[in-house]
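Visitor: just to be clear, the model below is a prediction. Sequence and coordinates:
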Amino acid sequence: MAKVAFLGLGVMGYPMAGHLARAGHEVTVYNRTAAKADRWAAEHGGSAAPTPRAAAEGAEFVMACVGNDDDLAQVCRGDDGAFAGMGAGAVFVDHTTVSAAITRALDAEARAQGIGFVDAPVSGGQAGAENGVLSIMCGGTEGDYARAEPIMQAYGRTVKRLGESGAGQIAKMMNQICIAGLVQGLAEALRFGEKAGMDGKAVVEVIQGGAAGSWQMVNRHATMLDGKFDYGFAVDWMRKDLGICLQTGNEIGAPLPMTALVDQFYKDIQQMGGGRWDTSSLIERLRRLSS
Ligand code: NAP
């Protein structure tokens, strides 16, 4: 069993760190709001550290799941950052959804210190984290990945290396690009059915096994029809992710017309006060346009 640090005990990180403790690893956690780290340690029997550096000292693996590019840089760099506490040969595993640019910059800084770095963004949401069945898309050297993979198995069902540093983040962008267009299509179909006087749930029962079916259709249609938007990934986070996709698309010359459009729809939802609603709230925007 390994000595592991976990930085960031949010919706995702808290249960992920819990799986590591349950798998028998010796876990030290750090959270910016210290009370949450104390609660985690009381619940799981690990220890809580006051800074990323203190958590990382002596750890073979340091896992992070914080917010955005700046947050990740803050927990890695500086006197109190994780890199300052990590010894040569240790591996940093980043589960945050961030840009490939910050990933590659931090990978180079880590490598200069003899530290390994694996970018490993996740999909599967809060339920995936709690049930330990996340999909984890990884980038980094084969050696670093091979060492980190058994640790990630504690909360991952599908864990795969897809290329060098940044490849995990590019894969996560592809995931988010797929979701954006898909949810808008589902929202349009369900609203179309409402306006036409159809029973949407009955229609989905018939069509979900065919070519129109999707995870979003199966898992979100009922709550979308009921106007409940507290079941997953928040619109504010989605806008952060789509912003990263659009910026990267510009840099590499990949057109993302649908993604750009849906990003603007999510901006409308933020302006409606729905920044914390889940991503399926695109139907609510259509309802307000067509009430
Ligand atoms: P969250 O609940 O908001 O938690 C964020 C965590 O990061 C908290 O522990 C927060 O500390 C910490 N943090 C933020 N900024 C920090 C900083 N500057 N320094 C130190 N700690 C900082 O977010 P989440 O839902 O767990 O998501 C985490 C990451 O996973 C995001 O990149 C998100 O896009 C991605 N993700 C989320 C989901 C999902 O369904 N939620 C799914 C896939 C991927 P405090 O407790 O002090 O605020």
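Guide: Done, it's in. Numbering: from 1, shown residues only.

Visitor: in the sheet, who's paired with the closest residue to residue 140 other than its chain neighbours?
Guide: Of all residues not flanking residue 140 in the chain, residue 118 sits nearest, at 3.9 Å (Cβ to Cβ, 6 or more residues apart in numbering). No exception for glycine: its C-beta is placed from N, CA and C like everyone else's. Per DSSP bridges, the residues bridged to residue 118 are residue 93.

Visitor: and the gap between residue 118 and residue 5?
Guide: 14 Å (Cβ to Cβ, to the nearest Å).

Visitor: again with residue 224
Guide: 39 Å.

Visitor: try residue 13
Guide: Taken as Cβ to Cβ, the span from residue 13 to residue 5 is 11 Å.

Visitor: have a look at these two and say which one is more surrounded.
Guide: residue 5 (32 against 24; other Cβ atoms under 10 Å).

Visitor: which SS class is the more buried one?
Guide: strand (DSSP: H, G, I helix; E, B strand; the rest coil).

Visitor: and residue 54, by the same measure?
Guide: Classified using three-state DSSP, residue 54 is helix.

Visitor: what's the neighbour count on the residue nearest to it when sequence neighbours are not counted?
Guide: In space, and not counting its chain neighbours, residue 54 is closest to residue 85: 6.5 Å by Cβ to Cβ, 6+ apart. Neighbour count of residue 85, defined by other Cβ under 10 Å: 21.

Visitor: with the one 5 residues further on instead?
Guide: When counting by other Cβ under 10 Å, one arrives at 24 neighbours for residue 90.

Visitor: who's in contact with it?
Guide: 56, 59, 60, 61, 62, 115, 116 (Cβ atoms under 8 Å, 6 or more residues apart in numbering).

Visitor: and what of residue 8?
Guide: Here residue 8 is in contact with 30, 31, 32, 64, 65, 66, 67, 71, 75, 96 (Cβ under 8 Å, 6+ apart).

Visitor: same thing with residue 187?
Guide: 224, 280, 282, 283, 285, 286.

Visitor: try residue 115
Guide: Contacts of residue 115 (Cβ under 8 Å, 6+ apart): 83, 86, 88, 89, 90, 91, 92.

Visitor: tell me how far it lies from residue 225.
Guide: From residue 115 to residue 225 the distance is 49 Å (Cβ to Cβ).

Visitor: from the protein, which residue is nearest to the ligand?
Guide: Nearest residue of the chain to the ligand (Cβ to the nearest ligand atom) works out as residue 10 at 1.8 Å.

Visitor: flag every residue of the stretch 1-150 of the chain that's near the ligand.
Guide: 8-13, 31-33, 36, 65-67, 71, 74-75, 96-97, 122-123, 125-126 (Cβ under 6 Å from any ligand atom).

Visitor: among the residues you listed, name the ones in strands.
Guide: The strands, defined by DSSP state E, take in 122, 123 from those.

Visitor: please tell me which one of the contacts of residue 90 counts the most neighbours.
Guide: residue 62 leads these on contacts (other Cβ under 10 Å) with 30 neighbours.

Visitor: so what's the closest residue to residue 280 other than its chain neighbours up against?
Guide: Nearest residue to residue 280, sequence neighbours excluded (Cβ to Cβ, 6+ apart): residue 220, at 4.4 Å. Applying Cβ under 8 Å, 6+ apart to residue 220 gives the contacts 183, 186, 231, 232, 278, 280.

Visitor: so which of the residues you listed is surrounded by the most neighbours?
Guide: Taking other Cβ under 10 Å as the neighbour criterion, residue 183 ranks highest of the contacts of residue 220 with 25 neighbours.

Visitor: residues touching it, list them.
Guide: Neighbouring residues of residue 183 by Cβ under 8 Å, 6+ apart: 216, 220, 262, 279, 280, 282.
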